[in-house]
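>>> Sequence and computational prediction follow.
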Amino acid sequence: MYPQTINNLIECFKKFPGIGEKTAERLALSCLNMEDEMIELFVKSLKDSKTKIKTCEKCGNLSEDTLCDICKDKSRDSSILCVVEESKNIVLFEKIGTFNGRYHVLGGLISPLDGINPEDINISSLIKRIKAENIKEVILAIKPTVEGETTALYIRKLLEGTNVIISKIAHGIPMGADIDYIDSLTLEIALSERSQIS
């Protein structure tokens, strides 16, 4: 239907998560109306994301330097470490703007069925950091799935006998949600992780 150049562009856009045929077609056709400068910036940004972006040597966050901006920031509380599955999770916490500690990116979760074992993710570097940086609290901010719970239990076991406080973010019923529409697993977690009203 379209010239091959546009078909190629449509196929490229379809590689992005959540982009189907129709959306890819709209994006490709909208590129035809973009200013040359915007197209050049788009192409440069795509190339730069492959050549300039690396992971922070300390926490595993995305960075253009050896250390990410969060690890470089001396004003942050270095005694609290928030453990997340992926770098994109850090962005969610940073948008809230209330957490002032540091992060550690696991780069996945333990999942023996998928062939992902503890040595395949950044758990050993987490334990080294906890010892080297005198971490007082580790907040496990990973999803409440079988893999997430397995990973949390494994980390907890490795830290047994240390003075490190291990906590995890609360899971359960979101604020403003109608309880009639809550699935049974979420309700079960909310009930088991209930807290006392003081």
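Received it, and whenever you're ready, just let me know what you need.

>>> hey, let's count contacts and neighbours off CA atoms from now on
Will do.

>>> Would you map the helices across the protein?
Under the criterion DSSP state H, the chain contains helices at 4-13, 21-31, 36-51, 69-72, 87-96, 123-132, 146-158, 184-192.

>>> can you tell which of the ones you listed is closest to Ile173?
Closest to Ile173 of these, according to Cα to Cα: helix 184-192, at 6.2 Å.

>>> Other residues contacting the closest one?
When contacts are defined by Cα atoms under 8 Å, 6 or more residues apart in numbering, helix 184-192 is touched by residues 171-173.

>>> Could you dump the helices of the chain into JSON lines and include mean pLDDT and distance to Ala177?
Putting those into JSON lines (pLDDT from 0 to 100; distance: least, Cα to Cα, whole Å) gives the following:
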{"stretch": "helix 4-13", "mean pLDDT": "96", "distance to Ala177": "35"}
{"stretch": "helix 21-31", "mean pLDDT": "96", "distance to Ala177": "31"}
{"stretch": "helix 36-51", "mean pLDDT": "96", "distance to Ala177": "38"}
{"stretch": "helix 69-72", "mean pLDDT": "96", "distance to Ala177": "33"}
{"stretch": "helix 87-96", "mean pLDDT": "92", "distance to Ala177": "20"}
{"stretch": "helix 123-132", "mean pLDDT": "94", "distance to Ala177": "35"}
{"stretch": "helix 146-158", "mean pLDDT": "93", "distance to Ala177": "24"}
{"stretch": "helix 184-192", "mean pLDDT": "79", "distance to Ala177": "12"}
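
>>> Now the ones you listed in JSON lines, please, with extra columns for distance to Lys58.
Supplementary listing: the helices of the chain in JSON lines, determined by distance: least, Cα to Cα, whole Å:
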{"stretch": "helix 4-13", "distance to Lys58": "33"}
{"stretch": "helix 21-31", "distance to Lys58": "37"}
{"stretch": "helix 36-51", "distance to Lys58": "20"}
{"stretch": "helix 69-72", "distance to Lys58": "7"}
{"stretch": "helix 87-96", "distance to Lys58": "13"}
{"stretch": "helix 123-132", "distance to Lys58": "8"}
{"stretch": "helix 146-158", "distance to Lys58": "18"}
{"stretch": "helix 184-192", "distance to Lys58": "33"}
